[in-house]
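S.K.: What shape does this take:
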Amino acid sequence: MSVFSPPQPDVTLLLDMDGVIREATLSRLVSKENIDDWVGRPWSEVAGESGEKILQMMQDTRRTGISAFRQITQRFPSGLELPMEFTAVLLGGRAGMLAVGKNIQAVSELQARLISAQQTIERDYWKLREIETRYRLVIEDSHEAVLMVKVADLRIVEANRTASTVLAGAGRRKESLVGRDFVQEITSGERESVELMLRRVRDLGKAPSIVIHLGETAAPWTLRGSLMTHESMPAYLLQMTAIGKIPGLTRPDRDDSDGFLDRIPDAVTILDENGAIKKANSAFADLVEVGSSDAVVDRSLGRWLLRPGADVGVVISNIQRHGVVRLLSTSIQGELGTETEIEISGSGYQQGTETRIVLVLRNVSRRLSPTLESDDLRSALAAMTETVGKTPLRKLVKRTVEVVEQHYVRAALQLAQGNRTTASEILGLSRQSLYAKLDRYNLGEKEPDNEET
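M.R.: Numbers count the residues shown, from 1 in each chain. The predicted structure follows:
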């Protein structure tokens with residue numbers, strides 16, 4: 001039968017009511033230290049840089065009879081410094097105080113190692129995220145059809161855009177291909193050879209390429225595979241390369257308008273009424289950090305344009321109401337997490353029976369020259385500075401706040417083309433609060449309300 005032995009303190013100090021050491025005892029861990037000089041000296045004096053904590057601990061002990069545990073660094077005569085956890089209790093009859101401390105160096109080392117491990121895990125996590133993002137960009141933009149198929153049941157786990165076009169057809173979504181049996185997507189006459197190749201890949205890790213025919217035109221493709229792990233399960237990585245040009249698959253040559261868009265240094269994109277991208281130039285692809293402009297087609301601009309009050313919904317609604325939007329300040333977040341300050345200008349037009357919206361997104365994060373509005377604000381604030389010494393500080397601060405507030409209300413109205421609802425969204429105010437500020441600064445007549453009634 002084992003007997004529980006409570007942990008023994010490493011340092012025991014008998015103190016008087018003023019905190020002066022009258023007796024000191026050490027455990028075997030630090031028994032080699034010579035602490036005879038401690039006797040007769042205040043504990044706060046021999047503790048090194050933890051003196052303030054010790055004084056607080058003794059004050060608490062005198063007031064309540066016992067102090068909370070505190071971590072201090074105890075310095076010994078040899079120069080050794082140990083992290084220790086101390087508590088002190090008041091002896092009966094106010095004969096003094098007893099302070100006991102336990103070495104927590106092992107705990108401190110474990111805490112330091114835990115923090116280091118957490119930081120390492122976080123760095124590795126972000127590196128993995130970056131690698132996965134680049135992998136997806138490369139695979140998605142590949143001219144080869146790439147699929148990942150489970151070994152167990154030959155179900156498709158992932159497929160890039162080319163594979164979905166070949167197997168699912170241009171009119172079907174890529175998601176409809178995921179979960180389907182890969183062998184069933186092959187013509188019946190070639191399924192046996194495909195299954196034989198996959199068995200060889202499973203047993204040997206690789207197999208010679210074979211030729212299969214896919215699609216309505218039975219176009220020839222070379223199929224090769226390799227073995228990998230997906231979510232702790234074995235999977236096939238299948239690559240299919242077209243032999244010759246495949247009608248409907250080879251990307252058409254860009255027309256003159258596409259070449260013109262790519263020569264524009266600012267990001268340009270064309271949307272439908274729902275915010276889905278129909279065309280974009282290379283500068284836009286760089287801005288949202290994707291591999292190519294083709295990769296953003298049919299995706300919503302709202303995926304990257306997220307700032308409340310200046311998102312894609314606000315942009316489209318303003319263009320639908322007023323026909324144009326000019327210099328709307330907002331930010332856009334790329335696929336790799338980079339947030340960029342931009343200005344948006346755009347307008348709408350008809351393409352047959354459909355409405356299209358063309359937007360120009362200009363990166364203004366490195367803009368150095370101040371705008372005219374900033375010059376006006378700077379001049380107004382400079383005029384306020386000249387009244388220092390002539391006007392009380394409270395009135396100066398109040399007037400300065402009014403000048404700045406008036407400037408930004410006017411700027412929001414200009415960005416919103418006079419539409420007060422949109423201006424209130426940009427400023428993060430309710431319409432009632434905006435109306436109150438317009439009345440206060442007499443901006444109601446200067447900035448007419450263009451809202452539809």
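S.K.: Spell out for me which residue occupies the centre of the protein.
M.R.: Nearest to the mean C-alpha position of the chain, by CA atoms, centre = their mean, lies G337 at 5.6 Å.
S.K.: On the three-state scheme, that residue is what?
M.R.: coil (DSSP: H, G, I helix; E, B strand; the rest coil).
S.K.: mind listing what it touches?
M.R.: By CB atoms under 8 Å, 6 or more residues apart in numbering, the contact list for G337 is empty. Every C-beta, even on glycine, is put in place using the N, C-alpha and C of the backbone.
S.K.: Look up the pLDDT of it for me, please.
M.R.: At G337, the model reports a pLDDT of 75.
S.K.: what's the answer for the one 4 residues further on, then?
M.R.: Model confidence at E341, given as pLDDT, is 86.
S.K.: Work out for me the element it sits within.
M.R.: Assigned by DSSP states H and E, E341 belongs to strand 339-351.
S.K.: in its sheet, what does that strand sit against?
M.R.: Strand pairing for strand 339-351, using DSSP bridges, gives strand 324-333 (antiparallel), strand 354-363 (antiparallel).
S.K.: pLDDT averaged over whichever strand or helix holds K102, what's the number?
M.R.: For K102, the element it lies in under DSSP H and E is strand 97-103. Averaging pLDDT along strand 97-103 yields 88.
S.K.: following that strand, which helix or strand comes up?
M.R.: By DSSP H and E, the next helix or strand past strand 97-103 is helix 105-140.
S.K.: tell me what that following helix is packed against?
M.R.: For helix 105-140, the contact count by 3 or more CB pairs under 8 Å, 6 or more residues apart in numbering; DSSP states H and E identifies strand 81-90 as packing neighbours.
S.K.: and the strand it packs on, what other elements does it pack with?
M.R.: When contacts are defined as 3+ CB pairs under 8 Å, 6+ apart, strand 81-90 packs onto strand 11-15, helix 51-64, strand 70-75, strand 97-103, helix 105-140.
S.K.: repeat that with 6 Å
M.R.: helix 51-64, strand 70-75, strand 97-103, helix 105-140 (3 or more CB pairs under 6 Å, 6 or more residues apart in numbering; DSSP states H and E).
S.K.: Can you point out the buried residues in the strand or helix carrying L223?
M.R.: Using DSSP H and E, L223 sits within strand 219-230. The neighbour-count check on strand 219-230 (16 or more other CB atoms under 10 Å) flags 219, 221, 223-225, 227 as buried.
S.K.: try stretch 427-443
M.R.: For stretch 427-443, by 16+ other CB under 10 Å, it's 427, 429, 434, 437-438, 441.
S.K.: what's the answer for stretch 236-245, then?
M.R.: Neighbour count says stretch 236-245 has 236-240, 242 buried, by 16+ other CB under 10 Å.
S.K.: neighbours around T12, how many?
M.R.: The tally of other residues near T12 (other CB atoms under 10 Å) stands at 15.
S.K.: hang on, the earlier thing: give the buried residues for the strand holding E341.
M.R.: 340, 342-346, 348.
S.K.: which of the residues you listed lies closest to E33?
M.R.: T340 (60.2 Å; CB to CB).
S.K.: that older thread, so can I have CSV of the buried residues of strand 219-230 showing distance to A99 and pLDDT?
M.R.: Putting these into CSV (distance: CB to CB, whole Å; pLDDT from 0 to 100) gives the following:
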residue, distance to A99, pLDDT
A219, 86, 80
W221, 81, 86
L223, 78, 89
R224, 75, 89
G225, 72, 89
L227, 66, 88
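S.K.: So which of those residues is the closest to L91?
M.R.: Nearest to L91 among the buried residues of strand 219-230, with distances taken as CB to CB, is L227, at 74.0 Å.
S.K.: what angle separates the strand holding K102 from strand 81-90?
M.R.: Strand 97-103 runs at 150 degrees relative to strand 81-90, counting by axes from the mean of the first three to the mean of the last three CA atoms, to 10 degrees.
S.K.: All good on my end, thank you.
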